[in-house]
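**Student:** Here is a sequence with its predicted model. Questions after.
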Amino acid sequence: MSSQLWQSAAAVLDTNWARGHMVPSRRLYPHQWSWDAAFIAVGLAYVNPQRAWADLRNLFGAQWPDGRVPHIVFDPAVAEGDYFPGPGFWDVPAYADRPAHGSTGLVQPPMHAVAAWEVYRRATGHGAAAVAAARDELGWLYPRLCAQQEYLTGARDAGGRGLVSIVHPWESGLDNSPSWDAAMAAVPADLSLLQRYARRDVQVADITHRPTDTDYARYIGLVQSYRAGGYDDAGLAAWHGFVVECPAFNAIVAAADHALARIAEVVGADPAPHRERARRVTAAVVAHLWEPASRTFRSRDVRTGELSGRRCVNGLVPLMLPGLPREHVVAIMAEAESERFGMPSLSGLPIPSYDRTAADFDSYRYWRGPIWININWLLRRGMLLHGYEAQADELRTAMLRLIHRSGHYEYFHPATGEGIGEPAFSWTAALALDLLADRTAPVPAAARA
Ligand code: 2M8
């Protein structure tokens, strides 16, 4: 299967390259998305490293002066109506040398330092000139990646506990995850907004596979709130309707600092502050997002102080942290292997996005049940990191088998493996390339320190 899968994955990435950047998919997502670009770079590193760097440059070229990296960089050649909410709705003013309406004001999980490190370390397979070019790219990216971390761990520490808060479910990347249900219940759902603004996604995708209208009314309302405040983060918890600490987002923040420590060594900067911040964020995840009764990580609503009552896959993602105490590693693996998430040995398939035994588990609806490759890719890395080689290999095989059988879909049915959503989805293809090529364990910066 491998050469056929390799060819089809590379073909998806060729098809989805548009005017100097990669789109997640042609129809549903016609602009550039932030964390997609990171996963995509990991795969492009094998087939077209120049494009991997160009894509990251396109994204960081749109970084705000305050350090935030926008969750969407809009392509000016795409019509306003081709994606909702489009550039006009976000109404972002001009900044630096960027024209107005160039991006959104939200962020996504900062996967980019991990991705940049992966692209750099693959450059050794492409000769000395490629390594030198990759070092230059790291030099360009490093201060920008640092500014991104400083924004997130500074202005976005809305709870004052050393954790990053997200201000919209879209920032998590796990848009309609049940992890946000309790916090979202308090956000007004003005359904009349959907008469004023038509959803574009349901014109291109099956409505039963997407977030509901109520979800969308809340999503739009939250954008209006943040936009009305000028996308300013001061005092967020007092005036904004959704302020939540996510275990996956924060684990990725800490993982970014581990990757930055390694990048710092290459570009001649001091790695120590990165290791120190990674340690602090890891400690805060353990101290504030762990629920001892269920022995799982949960999201926390900063406005109410409550942990979410739902077991979602974001609670497994802290496994990617090298400094995670053994007790928590063991608990995450137990959860991953339980009937709730079902490692491939139980289900024959990768891990779903939500507890399979929950009454409202939904096999089709986006992040409320289906299998996503990017999250499984992160979990596999965590398993390798903590010495669960057999399980990591099982997961790798299950992911490759699924993609080979069903195609490079956006997400997959958690019982049948049927492809759902977009059929030629960039991060699925990119990570398939990485899974085909890479059987090695990622060595964390901390382990080498
Ligand atoms: C999905 O999110 C966007 C909004 O940002 C959407 O539904 O329109 C999510 O799956 C997110 O994780 C992803 O980055 C994005 C593009 O693939 O699509």
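**Tutor:** It's in. Numbers count the residues shown, from 1 in each chain.

**Student:** Beyond the longest helix along the chain, next helix or strand please.
**Tutor:** Counting residues, the longest helix in the chain under DSSP state H turns out to be helix 128-153. Using DSSP states H and E, the helix or strand that directly follows helix 128-153 along the chain is strand 165-166.

**Student:** Starting from that next one, tell me which strands it pairs with and how they run.
**Tutor:** Looking at strand 165-166 with DSSP bridges, its partner strands are strand 244-245 (antiparallel).

**Student:** which element follows the partner strand toward the C-terminus?
**Tutor:** Following strand 244-245 in sequence, per DSSP H and E, is helix 247-267.

**Student:** angle of the longest helix of the chain against helix 247-267?
**Tutor:** Taking axes from the mean of the first three to the mean of the last three C-alpha atoms, to 10 degrees, one finds helix 128-153 and helix 247-267 inclined to each other by 140 degrees.

**Student:** So for helix 128-153, what gets flagged as buried?
**Tutor:** Of the residues in helix 128-153, 130, 133-134, 137-138, 141-142, 144-149, 151-153 count as buried by neighbour count, 16 or more other C-beta atoms under 10 Å. All C-beta atoms are positioned from the backbone trio N, CA, C, and that covers glycine.

**Student:** These: which ones sit near the ligand?
**Tutor:** Cross-checking these against the ligand (C-beta under 6 Å from any ligand atom) gives no overlapping residues.

**Student:** May I ask which of these comes out lowest in pLDDT?
**Tutor:** When those are compared on pLDDT, residue 130 comes out least confident, at 90.

**Student:** and the gap between that one and the ligand?
**Tutor:** 28 Å (C-beta to the nearest ligand atom, to the nearest Å).

**Student:** where does the stretch 151-300 of the chain have low pLDDT?
**Tutor:** Along the stretch 151-300 of the chain, no part satisfies pLDDT under 70.

**Student:** Quick check: the one residue in it that gets nearest to the ligand vs residue 111, distance?
**Tutor:** Nearest residue of the stretch 151-300 of the chain to the ligand: residue 173, at 3.4 Å (C-beta to the nearest ligand atom). Using C-beta to C-beta, to the nearest Å, residue 173 is found at 9 Å from residue 111.

**Student:** quick one: common contacting residues for the two?
**Tutor:** residue 35 (C-beta atoms under 8 Å, 6 or more residues apart in numbering).

**Student:** Flag every residue of the stretch 201-350 of the chain that's near the ligand.
**Tutor:** Counting by C-beta under 6 Å from any ligand atom, the stretch 201-350 of the chain sits next to the ligand at residue 201.

**Student:** Which residue ranges of the stretch 201-350 of the chain form strands?
**Tutor:** For the stretch 201-350 of the chain, strands defined by DSSP state E, counting those that start in this stretch occupy the ranges 244-245, 290-291, 296-297, 300-301.

**Student:** Please apply the same query to the stretch 51-200 of the chain.
**Tutor:** Counting by DSSP E, counting those that start in this stretch, the strands of the stretch 51-200 of the chain are 72-73, 165-166.

**Student:** For residue 266, find the nearest of those strands.
**Tutor:** strand 72-73 (26.0 Å; C-beta to C-beta).

**Student:** now for the closest one, which elements pack on it?
**Tutor:** strand 32-33 (3 or more C-beta pairs under 8 Å, 6 or more residues apart in numbering; DSSP states H and E).
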